[in-house]
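>>> Build me a model from this:
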Amino acid sequence: MATNFDLFGDPIPANHGGRGRPEHVPTVENRNRVNMLLAMGWSNERIAAALRVTLPTLRKHYFSELRYRAVARDRLDATLLMKAFQGVDKGRLGPFLKLVERNDLMNFGQTSRPVAAAPVEAETKPAKPAKLGKKEEALLAAHQPNTGSPMGELMARRQQGLNS
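Numbers count the residues shown, from 1 in each chain. Alright, predicted model coming up:
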């Protein structure tokens, strides 16, 4: 593991100065940075540019973080709520209440607490019509010509003549 760091605080790989470009070394700080940027809705291109790596390098070294893009914001909010909740024990109630209020506003219109379901009376739902297979659908379509075309118009007149 590298013990030297560059000006940006990134570790200097062991083969620095050798042939070829040194391989990117992911750090805990960079993993946390990727998680935070995902939570902020950044694209992979922006994240790669912020880390000064290519897209393939980002996908290679940070694939586990990228996999959880959909829940990154929820994970960040949960971490912030937990930190604020820990501050309540130290007498800092304000930040926690602000986060709770923001969470309640975000959930406005949704039920945030489980509500006991009212007993449902036996409702009679209309029976669904039997689902038709491909052949039955084709047969029905064949007996209902498209009257928007001259051929369909002719077929419709012929069917009316056969049915009457």
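>>> Just the endpoints, please. Distance across stretch 66-75?
Distance across stretch 66-75, first residue to last, is 13 Å (C-alpha to C-alpha, to the nearest Å).
>>> Residue numbering should commence at 11 henceforth.
Shifting the count to begin at 11 puts that one at stretch 76-85.
>>> what's the distance between that stretch and the middle of its chain?
Offset of stretch 76-85 from its chain centre (C-alpha atoms, centre = their mean, to the nearest Å): 8 Å.
>>> how about it: buried residues?
With burial defined by 16 or more other C-beta atoms under 10 Å, the residues of stretch 76-85 counted as buried are Leu76, Ala82. Where C-beta positions appear, they are placed from N, C-alpha and C, glycine not excepted.
>>> Likewise for stretch 97-108?
Neighbour-count burial for stretch 97-108 [16+ other C-beta under 10 Å]: Phe106.
>>> domains in the protein, as residue ranges please.
As assigned by automatic domain parsing, the chain contains the domains 11-77, 83-116, 145-173.
>>> Spatially central, which residue of the protein would that be?
Centroid check for the chain by C-alpha atoms, centre = their mean gives Ala80 as the closest residue, at 3.7 Å.
>>> Mind telling me which of the domains of the chain the model trusts least?
Lowest mean pLDDT within the domains of the chain: domain 145-173, a mean of 81.
>>> What are the buried residues along it?
For domain 145-173, using 16+ other C-beta under 10 Å, the buried residues are Pro155, Met165.
>>> So what's the gap between it and the chain middle?
Distance, centroid of domain 145-173 to centroid of chain: 46 Å (C-alpha atoms, centre = their mean).
>>> OK, contacts around the residue nearest to the centre of the chain?
With C-beta atoms under 8 Å, 6 or more residues apart in numbering as the criterion, no residue contacts Ala80.
>>> got it, and the one 3 residues further on?
When the contact criterion is C-beta under 8 Å, 6+ apart, the partners of Arg83 are Ala49, Met50, Gly51.
>>> closest to Lys135 out of the domains of the chain?
Counting by C-beta to C-beta, Lys135 lies closest to domain 145-173 out of the domains of the chain; the figure is 23.8 Å.
>>> will you turn the domains of the chain into JSON lines that also has distance to Pro136?
Output for the domains of the chain, formatted as JSON lines (distance: least, C-beta to C-beta, whole Å):
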{"stretch": "domain 11-77", "distance to Pro136": "44"}
{"stretch": "domain 83-116", "distance to Pro136": "38"}
{"stretch": "domain 145-173", "distance to Pro136": "21"}
